[in-house]
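Asks: Let me see the structure of the following:
(one chain, ligands or ions: 2)
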Amino acid sequence: MNKKCSGCGITLQTKYKDKDGYVDNLDKDLCYRCFRQKHYNEWNKTNINNIESILDNIKDNDLVVYVSSLLNLNLEYINNFKKVILVLTKRDILPKSIIDDKIKNYIKKNNYNLIDIIIVSSFNNYNIDNLYNNLIKHNKTNNIYFIGNTSSGKSTLINKIISNYTTLNKDITTSMYPNTTLEIINIKINNINFIDTPGLINKGSITNYIDSKVIKRINPKKEIKPITYQLSNTGTLLIDNLVRIDYTCNKTSMTVYINNGIPIKKINSNRNDLKEYNKKEFINIKNEDIVIEDLCFIKFTNSINLNIYTYNNVSVTRRDNLI
Ligand SMILES: Nc1nc2c(ncn2[C@@H]2O[C@H](COP(=O)(O)OP(=O)(O)O)[C@@H](O)[C@H]2O)c(=O)[nH]1
Ligand SMILES: [Mg+2]
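Replies: Numbering: from 1, shown residues only. Ligands and ions are numbered 1, 2, ... in the order given. Take a look at the predicted model:
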């Protein structure tokens, strides 16, 4: 049998140094790419994505843990699965003052067919026991698939489960960059297969369009301190040279949930900064958030019209206020 990389799941090979799965010697467990990622935090892009063939293997009775980061709450593909426990990760980045039940009720309004919603933080070990017990309880087929967008925190969560409930010496590669996990990785715990998967294709993530330094800068590692602005009339805001927001309103507050320290500045609307980017128009945003995938969400209260400029293909969407 071909040996797989224990970090990303790719089949190991010794022939092509510039291709995925390279090792100089098949005794090694980590491919060159995972080794560099792990020890030097170095990012090597890859375009592999085998998610479709993986999804085909999931049977209706297999338990699916659908993982979404609380920064995005992107549940685009959730209806493709029959037995789903929704896990909202990275609880540590949202302010403690927010009540978990409020977030759960928000999700419930959409009437997804879910066994349960569990809010966790792999970093803080928050609610991991509760999640694990629920997985054991609802498991029927001994296959539990972890599915979700790339960088939602699937591999980190499985590593947490490994370290909490097993004596295995295994560590799946995790990173803030897209496409870290390349193939399925099967971890057997008490006869149950915990199956990590590459992320779902997520063209809307801003991480596809910015370099690794910027990805690092925008990736929240601890509690976000939201910043509130009072807006009136018209004006322009720049978020870190990534997003331009032109607004027209009477009077409203705007609260930005973004990694701490990212500069947000008001500029003269006549300036042309970032106008070469793709424009999206939003009319009458009211008690709604704007979500810019993998960058931030912005809460508005009173009515406002927005023109938002950012890279082509970055997902910019509106939703009812989460908070
Ligand atoms: N703040 C925070 N970051 C997390 C948490 N879990 C994962 N991350 C980060 O999210 C990024 C993506 O994690 P990873 O597990 O590789 O995501 P995957 O692509 O879904 O497997 C990494 O930078 C992780 O450190 C968490 O509970 N809290
Ligand atoms: Mg992964």
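
Asks: ok, how many other residues are close to the nearest residue to residue 95 once chain neighbours are set aside?
Replies: Spatially, and ignoring its direct neighbours in sequence, residue 95 is nearest to residue 223 (6.2 Å; C-beta to C-beta, 6 or more residues apart in numbering). Any C-beta I mention is one placed from the backbone N, CA and C, and that applies to glycine too. Neighbour count for residue 223, taken as other C-beta atoms under 10 Å: 13.

Asks: Show me what the top strand by length along the chain is packed up against.
Replies: Ranked by residue count and defined by DSSP state E, the top strand of the chain is strand 243-258. Judged by 3 or more C-beta pairs under 8 Å, 6 or more residues apart in numbering; DSSP states H and E, the packing partners of strand 243-258 are strand 227-239, strand 296-300, strand 304-310.

Asks: Next, the buried residues of that strand.
Replies: The neighbour-count check on strand 243-258 (16 or more other C-beta atoms under 10 Å) flags 243, 244, 245, 246, 247, 249, 252, 254, 255, 256, 257, 258 as buried.

Asks: just stretch 55-66 next, same as before
Replies: For stretch 55-66, the neighbour count (16+ other C-beta under 10 Å) marks 55, 58, 62, 63, 64, 65, 66 as buried.

Asks: Now tabulate those in a markdown table and tack on distance to ligand 2, secondary structure and pLDDT.
Replies: Shown next, in a markdown table, are these (distance: C-beta to the ion, whole Å; DSSP: H, G, I helix; E, B strand; the rest coil; pLDDT from 0 to 100):
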| residue | distance to ligand 2 | secondary structure | pLDDT |
| --- | --- | --- | --- |
| 55 | 16 | helix | 79 |
| 58 | 17 | coil | 91 |
| 62 | 19 | coil | 96 |
| 63 | 18 | strand | 97 |
| 64 | 16 | strand | 97 |
| 65 | 13 | strand | 97 |
| 66 | 14 | strand | 97 |
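
Asks: export those residues to TSV and tack on distance to residue 296?
Replies: Output for the buried residues of stretch 55-66, formatted as TSV (distance: C-beta to C-beta, whole Å):
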residue	distance to residue 296
55	29
58	32
62	34
63	32
64	28
65	26
66	22
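
Asks: Distance of residue 266 relative to residue 237?
Replies: Separation of residue 266 from residue 237 (C-beta to C-beta, to the nearest Å): 6 Å.

Asks: higher neighbour count, those two?
Replies: Applying other C-beta under 10 Å to residue 266 and residue 237 shows that residue 237 carries more neighbours, namely 21 against 12.

Asks: ok, the more buried one - contacts?
Replies: By C-beta atoms under 8 Å, 6 or more residues apart in numbering, the residues touching residue 237 are 229, 244, 245, 247, 264, 265, 266, 267.

Asks: Who is it paired with across the strands?
Replies: In this entry, residue 237 is beta-bridged to residue 245, residue 266, by DSSP bridges.

Asks: And it, how close does it get to residue 310?
Replies: Going from residue 237 to residue 310 by C-beta to C-beta gives 12 Å.

Asks: And whichever helix or strand residue 85 is part of, what does it pack against?
Replies: Using DSSP states H and E, residue 85 maps to strand 83-89. Judged by 3+ C-beta pairs under 8 Å, 6+ apart, the packing partners of strand 83-89 are strand 63-69, helix 100-108, strand 116-119, helix 128-138, helix 154-165.

Asks: And the ones you listed: which comes nearest residue 7?
Replies: Residue 7 lies closest, by C-beta to C-beta, to one member of the helices and strands packed on strand 83-89: helix 154-165, at 9.0 Å.

Asks: and whichever helix or strand comes after that closest one, what does it pack onto?
Replies: Once the chain leaves helix 154-165, the next helix or strand it forms, by DSSP H and E, is strand 185-189. Applying 3+ C-beta pairs under 8 Å, 6+ apart, we find strand 185-189 packed against helix 154-165, strand 192-196.

Asks: Briefly note if strand 185-189 comes near ligand 1.
Replies: No: Strand 185-189 lies out of reach of ligand 1 by C-beta under 6 Å from any ligand atom, never closer than 9.8 Å.

Asks: can you pull the buried residues of that strand?
Replies: Buried residues in strand 185-189, counted by 16+ other C-beta under 10 Å: 185, 187, 189.

Asks: Quick check: the gap between the residue nearest to the second one when sequence neighbours are not counted and residue 231.
Replies: In this structure, residue 187 finds its nearest non-sequential neighbour in residue 194, 4.5 Å apart by C-beta to C-beta, 6+ apart. Distance check for residue 194 against residue 231: by C-beta to C-beta, it reads 46 Å.

Asks: Show me which of those two is the more surrounded one.
Replies: Per other C-beta under 10 Å, whichever of residue 194 and residue 231 has more neighbours is residue 194, with 25 against 20.
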